[in-house]
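In: Provided below for reference: sequence and predicted model.
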Amino acid sequence: MSVNLLVKKIKEKGNPSVAGLDPKIEYVPQYIREKAYKEYGKNLKGACEAIWEFNKGLIDALYDVVPAVKPQSAFYEMYGLCGEEVLHRTISYAKEKGLYVILDVKRNDIGSTAEAYSRAYLGKAEVDGEELDACPVDCVTVNPYLGTDGIKPFIDDCKKYDKAIFALVKTSNPSSGEFQDIEINGKHFYEIVAERVNEWNGDTIGECGYGAVGAVVGATYPEQAEILRKIMPKSYFLVPGYGAQGGKAKDVKKSFNSDGLGAIVNSSRGIMCAYKKAGMAEEKFAEAARAEAIRMREELTSII
């Protein structure tokens, strides 16, 4: 399973973190925007080309520091077809640089629609007898709310094509408890979802000791993470909420196992916009991102 590749890259880099590539045009340095607008116009195409230059600079600065990147599809989809093209360009470039790519799409449905979603990201698109890669990522996020028949196509493609998924279990947003913390027969809903994730993961365990069905567990809820780590000992955790959302290194410690593995911690704005926080010249955005990624690595490794 591709979780073996993820663990391998985490060990090689000595870094359990993932850089989120969630670009809004206002995050992009002004000089990059002005150059793109001059060439393509102040329009969707111009914005997308500016984002591409920003992403490329970030990847160039980070590929030897972080094991993985996580583009969030919504930040590309909002710019229309050219945004989708830049997303695919970004994925391809990240793969060329040897990075593990987690595409944050939170997809799901049932029946043939779930199968189509899975083929789009994990499997193959069929074209008159030919099987083709539509989106060559290593892993996607999925919403398990529809139950097993909505997840099974993704798990089947994980097994067939050596991919992985992260299912939403306890998310980092403040209102997550409206549904996820509801108690049913003495258990919180997130615990029930975790038990099912653990079942789905059972026959996908790789040589690294972890399986293809991971879980999204927010850094903003460390007490819940400790509970969930016990329920899903062999699932990798994708941990959002570190940094800009308020999660601290001490908060993510509960998501790791005693082997120092089991979780990969995401930072998006904290890395992308590090040049703004540090008050650095915008031309040094990549340098600032690299420095923040290294700082994050040192902080995380010091607590696990």
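Out: Thanks, I have it.
In: Who are the contact partners of the spatially most central residue of the chain?
Out: The centroid of the chain falls nearest to residue 70 when counting by C-alpha atoms, centre = their mean (3.8 Å). By C-beta atoms under 8 Å, 6 or more residues apart in numbering, residue 70 lies in contact with 18, 19, 20, 21, 101, 102, 103, 104, 238, 266, 268. In short, each C-beta sits where N, CA and C put it, glycine included.
In: swap the cut-off to 6 Å and go again
Out: 18, 20, 102, 104, 266 (C-beta atoms under 6 Å, 6 or more residues apart in numbering).
In: Would you mind measuring from the residue nearest to the second one when sequence neighbours are not counted to residue 13?
Out: It stands for residue 20. Computed as C-beta to C-beta, 6 or more residues apart in numbering, the closest residue to residue 20 that is not its neighbour in sequence is residue 268, at 2.9 Å. In this view, residue 268 and residue 13 are 18 Å apart by C-beta to C-beta, to the nearest Å.
In: Kindly report the same for residue 57.
Out: 19 Å.
In: Residue 255 now?
Out: 18 Å.
In: ditto for residue 34
Out: Residue 34 is 34 Å from residue 13, by C-beta to C-beta.
In: give me phi/psi at residue 128?
Out: phi 50, psi 50 (degrees, to the nearest 10).
In: Next one, pLDDT for it please.
Out: Turning to residue 128, the model gives it a pLDDT of 94.
In: what's the burial count for it?
Out: The number of residues packed around residue 128, counting by other C-beta atoms under 10 Å, is 4.
In: same deal with residue 139?
Out: Quick note: residue 139 (other C-beta under 10 Å) scores 28 neighbours.
In: The residue nearest to the centre of the chain pairs with what?
Out: Judged by DSSP bridges, the bridge partners of residue 70 are residue 20.
In: hmm, back to that, thought residue 21 was touching the residue nearest to residue 20, still the case?
Out: No. Using C-beta atoms under 6 Å, residue 268 is not in contact with residue 21, being 7.4 Å away.
In: on that earlier part again, could you identify the most distant pair in the contacts of residue 70?
Out: 18 and 104 (10.0 Å; C-beta to C-beta).
In: Can you find the helix or strand in the protein with the smallest mean pLDDT?
Out: helix 249-252 (a mean of 84; mean pLDDT, DSSP states H and E).
In: What pairs with the next helix or strand after that helix, parallel or antiparallel?
Out: Moving toward the C-terminus from helix 249-252, the next helix or strand (DSSP states H and E) is strand 263-267. When pairs are called by DSSP bridges, strand 263-267 turns out to pair with strand 17-21 (parallel), strand 237-239 (parallel).
In: Most tightly packed of those strands?
Out: Mean neighbours per residue, mean count of other C-beta atoms under 10 Å, is largest over the strands paired with strand 263-267 for strand 237-239, with a mean of 29.
In: how far away is residue 74 from residue 297?
Out: 27 Å.
In: Tell me which of the two has more neighbours.
Out: Higher neighbour count among residue 74 and residue 297: residue 297, with 18 against 12, using other C-beta under 10 Å.
In: Would you tell me what helix or strand that one is located in?
Out: With DSSP H and E as the test, residue 297 turns up in helix 285-303.
In: Just the C-alpha atoms of that helix, please, in CSV.
Out: Below are the C-alpha coordinates for helix 285-303, written out as CSV (Å, rounded to 0.1, in the frame of the first residue of the first chain):
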residue,chain,number,x,y,z
PHE,A,285,8.5,33.9,0.3
ALA,A,286,10.1,30.6,-0.6
GLU,A,287,13.0,31.1,1.8
ALA,A,288,10.5,32.0,4.6
ALA,A,289,8.4,28.9,3.8
ARG,A,290,11.5,26.7,4.0
ALA,A,291,12.6,28.2,7.3
GLU,A,292,9.1,27.6,8.8
ALA,A,293,9.0,24.0,7.5
ILE,A,294,12.3,23.3,9.2
ARG,A,295,11.2,25.0,12.4
MET,A,296,8.0,22.9,12.3
ARG,A,297,10.0,19.7,11.7
GLU,A,298,12.3,20.5,14.7
GLU,A,299,9.3,21.2,17.0
LEU,A,300,7.4,18.1,16.0
THR,A,301,10.4,15.8,16.3
SER,A,302,11.3,17.2,19.7
ILE,A,303,7.9,16.0,21.1
